[in-house]
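Novice: Structure for this input, please:
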Amino acid sequence: MENFLRRLTLHNVRNTLLRLPFEIRSQISSITFYVFPSPIPNIHKGVSQDTLGLFQGTTMLESFQCPMDQPPSITLFFINIWNYADQNLRRFHKEVALTLHHEIGHYLGLDELDLSDRGLA
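Specialist: Prediction:
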């Protein structure tokens, strides 16, 4: 099941990224995307075990102000998303896209309130 969910997540990520407007796709070209079943304590230090997605690194706004300290990356935790979606495929697809949009929003400089106002929280 884990391999199936990993492949499904990667497929959903590709499709979600392709549906983004060109302007956004060009702005996120420096982001590296990862998928993990769930946070790994020695890699994702301080991250809650039930986290769905994670943005790490320098935001787009920060990169204009100073050199990149840490390259931007987005990680999706597909087992956590699967469980959050109550193991429902339709909800899983939606949650992968929502989580990805949410983390891209962080890269673009949006905070939790901004994301909530846009329906991405």
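Novice: From here on, just use CA atoms for contacts and neighbour counts.
Specialist: OK.
Novice: what stretches of this protein score poorly on pLDDT?
Specialist: 62-69, 120-121 (pLDDT under 70).
Novice: Nearest the geometric middle of it, what residue?
Specialist: residue 100 (3.6 Å; C-alpha atoms, centre = their mean).
Novice: ok, it touching residue 76?
Specialist: Yes: using C-alpha atoms under 8 Å, residue 100 makes contact with residue 76 at a distance of 7.4 Å.
Novice: My reading is that the residue nearest to the centre of the chain lies in a strand. Confirm?
Specialist: No: using DSSP: H, G, I helix; E, B strand; the rest coil, the secondary structure at residue 100 is helix, not a strand.
Novice: Can you name the residues that contact it?
Specialist: 13, 16, 53, 74, 76 (C-alpha atoms under 8 Å, 6 or more residues apart in numbering).
Novice: so which strand or helix has the first one?
Specialist: Counting by DSSP states H and E, the secondary-structure element that holds residue 13 is helix 2-19.
Novice: thinking again about what came up before, which neighbours do residue 100 and residue 76 have in common?
Specialist: residue 53.
Novice: Now do the strands in this structure.
Specialist: Taking DSSP state E as the test, the strands found in the chain are 32-36, 53-56, 73-77.
Novice: Need the winner for burial among those strands.
Specialist: Highest mean neighbour count of the strands of the chain: strand 73-77, a mean of 22 (counted as mean count of other C-alpha atoms under 10 Å).
Novice: So in that sheet, which strands flank it, and in what orientation?
Specialist: strand 32-36 (parallel), strand 53-56 (antiparallel) (DSSP bridges).
Novice: would you turn these into JSON lines with distance to residue 42?
Specialist: JSON lines is the format used below for the strands paired with strand 73-77 (distance: least, C-alpha to C-alpha, whole Å):
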{"stretch": "strand 32-36", "distance to residue 42": "13"}
{"stretch": "strand 53-56", "distance to residue 42": "15"}
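Novice: Can I get stretch 71-79 in CSV, CA atoms only?
Specialist: These are the backbone C-alpha positions of stretch 71-79, laid out as CSV (Å, rounded to 0.1, in the frame of the first residue of the first chain):
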residue,chain,number,x,y,z
PRO,A,71,17.3,26.0,-0.8
PRO,A,72,13.5,25.9,-0.7
SER,A,73,11.9,22.5,-0.4
ILE,A,74,8.4,21.1,0.1
THR,A,75,7.8,17.7,1.6
LEU,A,76,4.4,15.9,1.6
PHE,A,77,3.8,13.1,4.1
PHE,A,78,1.6,10.8,2.2
ILE,A,79,0.6,8.3,4.9
